[in-house]
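[1] build me a structure from this.
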Amino acid sequence: MKKLKLILTRSLTLTLLAVLISTNILAQSWPQSGDGSEEDPYLITSTTDWNAFADAVNGGTSYNGEFLKLTADITVTINNTSGSDKIVGAISMSGSTVVESKWFSGTFDGDWHTLTFNVGDTVTSFTPPVTNSPTAPFRVIDGATIKNLTVDGTIISNKKIQYWFGRLRI
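    Below is the predicted model:
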């Protein structure tokens, strides 16, 4: 009985360790190519990559001094349902005062691709999760360069609308 308990404990420990390692690997799965330099930028090849990029910025990675390149036309859809895509940059507010911002500060080269940015739907307008929070592909930027990018799409919202970027820190 004692030997069985030891085997089960070790099996459970190894299983938990495998889960923790795979979770960490998945969390670090983007960027999958590039080193962030101008010669070898991080590549955004899909909406999935865009969402991972947004998660990184929204988590505090500014990409200051780093380079990113869009390699395909992508569509980002933001709505009030689960599975919604992401906006780059995050704002925390207290009333009408910005308490904290997660800025994008790198160089984003659209490589002449189109980012189709759709917000809301035809039935109900989109309510951003933060009052007075700008609705744009890049919500907040600071010292960033965004170039060679075509932005298209539709925004249906009852809050502030800025189509290109939300807040610019100069």
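
[2] what about the strands in this protein?
    Using DSSP state E, the strands of the chain run over residues 42-44, 67-70, 74-78, 90-94, 97-102, 107-119, 138-142, 145-152, 165-169.

[3] pretty sure Gly89 contacts Phe138?
    Yes. Counting by Cβ atoms under 8 Å, Gly89 touches Phe138, with 5.9 Å between them. All C-beta spots, glycine's among them, are computed from the backbone N, C-alpha and C.

[4] counting neighbours, which bits of stretch 54-73 end up buried?
    Ala54, Ala56, Val57, Asn58, Ser62, Tyr63, Glu66, Phe67, Leu68, Lys69, Leu70, Thr71 (16 or more other Cβ atoms under 10 Å).

[5] which ones are touching Phe53?
    Taking Cβ atoms under 8 Å, 6 or more residues apart in numbering as the criterion, Phe53 is in contact with Trp30, Pro31, Tyr42, Ile44, Leu68, Val88.

[6] same list, those, but as JSON lines with pLDDT and distance to Gly110 please.
    Compiled in JSON lines, these are given as follows (pLDDT from 0 to 100; distance: Cβ to Cβ, whole Å):
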{"residue": "Trp30", "pLDDT": "78", "distance to Gly110": "18"}
{"residue": "Pro31", "pLDDT": "85", "distance to Gly110": "16"}
{"residue": "Tyr42", "pLDDT": "97", "distance to Gly110": "14"}
{"residue": "Ile44", "pLDDT": "96", "distance to Gly110": "9"}
{"residue": "Leu68", "pLDDT": "97", "distance to Gly110": "10"}
{"residue": "Val88", "pLDDT": "87", "distance to Gly110": "13"}
